[in-house]
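Asks: I need the structure of the sequence given here:
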Amino acid sequence: MRAILLALLFSVASCLCYAGGAVRQEQLARTSGVGLVGLARRAAWWASVVLTSLGAALHVVALRFGPLTVVQPLGALTLVFAVPLSAALGRRRPPPGEVRGAAATVAGLAGLLLLTGSTAPTRPLSPGAALAVGAVGAAVIAALVAGAAVATAARWRGLGLAAASGTASGLASALTQTVTVLLGAGDWAALAAPSVAVGLFAPAGLLLAQSAYRYGLGAPLAVVIITNPVAAGLVGVALLGERFTAGVPGLALAGLCAVLLGYGVVLLATRTPAGARASTG
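Replies: The predicted structure is shown next:
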C-alpha cells in the first residue's frame, strides 16, 4: 500500500509539471510563428522543456513504485490541470463542460485504480521482448507520422502527430519501468536494448507533442493522454503480467472506467478556443 501511495504522489506531481510545460509549449508554438529550430533559440521554450523533463523524472520515480496499469492512466490528470491553467493564464472563464470533464476523468481514474490488481512490476521485459516492442512501436509511430504528413486538414495533422507522441511516450514509460527493475536487480547486461529504446522514444514523444501543439492544445493533448496509457498498458498486460482484479468482470469494469475517463478527457479537450488553433504554417 505504501508503494502505491508513493506512486500516486509522484504521478500527481509529474502531471502538474507536464501540464505547466504543455501549456507553455502550446502558447509558444501558437504565437511564435516559427518552427522547432526557431523555438530552440528561445529561453522560454527551454524552460518548458526543463519543466517537462522534471515531470518525466517524477514519472520514472512513480514507475519504480507502481505498475503501468496504475501510473499511466493517471497521466489524464495532466489535462485536468492544463485546461484550467491555460484558462487562468488567458484570463478567461472556464467553460461549463470543464467541470463535467474533470469529474468524469477523476471518476474514471478512481475506478481504474480500484480495479488494478498489480501493486508492483512483476518482471522486466527480456532483451528480445524489448527489441520487439521497439520495432513494432517504431513502425506504428512512423505510420502515424506519415498519415499526419499527407492529411489535408490541419486538425487531422495535429491529431496524427499527437497519437504518435502518445505512443512514443507510452512505450518509453513501459521500457523505462523495465530499466528501473533491471537497475534494482543489478542486471547490467540486459540494460542495453531497453535503454537505447527509451533514449529514442522519450525525445521523440516530446518533439512530436511540440509539433502537434501547433494545431492547438486541447484536442492534441487529449489524444496524447489517451494513447499513452493504451500503448503502455498493452505492454504491461501482454508482456509484464499486470492484471485487473475480478478476472473477466474486472476487465469489463475497467473498460467502462476507461470509457468514462476518455469521455472526461474529450470534454476537457473541447474547450480549446478558436484562437488557440494554429494555422498550418
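
Asks: who are the neighbours in contact with residue 157?
Replies: Applying Cβ atoms under 8 Å, 6 or more residues apart in numbering to residue 157 gives the contacts 148, 149, 151, 215, 280. C-beta coordinates here come from the backbone N, C-alpha and C atoms, glycine included.

Asks: Hmm, the first one is touching residue 164, no?
Replies: This points to residue 148. Yes: applying Cβ atoms under 8 Å, one finds residue 148 in contact with residue 164, separated by 7.1 Å.

Asks: okay, the two: which has more neighbours?
Replies: Remark: of residue 148 and residue 164, residue 164 carries more neighbours, 28 against 21, as counted by other Cβ atoms under 10 Å.

Asks: tell me the contacts of the closest residue to that one other than its chain neighbours?
Replies: Once flanking residues are discounted, residue 164 sits nearest to residue 144: 3.9 Å by Cβ to Cβ, 6 or more residues apart in numbering. Residue 144 is in contact with 160, 161, 163, 164, 167, counting by Cβ under 8 Å, 6+ apart.

Asks: go on, residue 196?
Replies: residue 134.

Asks: Which strand or helix spans it?
Replies: Assessed by DSSP states H and E, residue 196 sits inside helix 192-212.

Asks: How far off centre is whichever helix or strand comes after that helix?
Replies: Tracing the chain C-terminally past helix 192-212 and defining elements by DSSP H and E, one meets helix 218-239 next. Averaging C-alpha positions (Cα atoms, centre = their mean, to the nearest Å) puts helix 218-239 6 Å from its chain's average.

Asks: How about stretch 163-183?
Replies: Remark: stretch 163-183 is offset 10 Å from the chain centroid, using Cα atoms, centre = their mean.

Asks: Now that stretch: buried residues?
Replies: Residues of stretch 163-183 classed as buried by neighbour count (16 or more other Cβ atoms under 10 Å): 163-182.

Asks: Narrow those to those in helices?
Replies: Using DSSP state H, the members of those that fall within helices are 163-182.

Asks: Test for you: state the pLDDT assigned to residue 28.
Replies: The model reports residue 28 with a pLDDT of 75.

Asks: what's the spacing between it and residue 104?
Replies: Residue 28 sits 30 Å away from residue 104, taking Cβ to Cβ, to the nearest Å as the criterion.

Asks: can you check residue 252 too?
Replies: From residue 252 over to residue 104 the distance is 19 Å, taken as Cβ to Cβ.

Asks: quick one: which of the two has more around it?
Replies: Neighbour count, other Cβ under 10 Å: between residue 252 and residue 104, residue 104 has more, with 20 against 13.

Asks: Let me see the contact set for the more buried one.
Replies: So residue 104 contacts 260, 261, 263, 264, 267 (Cβ under 8 Å, 6+ apart).

Asks: go with 6 Å
Replies: Contacts were defined as Cβ atoms under 6 Å, 6 or more residues apart in numbering; by that measure residue 104 touches 260, 263, 264.

Asks: What's the PyMOL line that selects buried ones from those?
Replies: In PyMOL, a selection of the buried entries from those looks like this (16+ other Cβ under 10 Å):
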select buried, resi 260+263+264
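
Asks: In the protein, where is pLDDT below threshold?
Replies: Applying pLDDT under 70 to the chain flags the ranges 1, 29-39, 94, 116-122, 243-247, 269-281.

Asks: Okay, helices next: where are they in it?
Replies: With DSSP H, the ranges of helices along the chain come out as 2-32, 36-39, 43-65, 68-71, 77-89, 97-115, 127-150, 154-185, 192-212, 218-239, 247-269.
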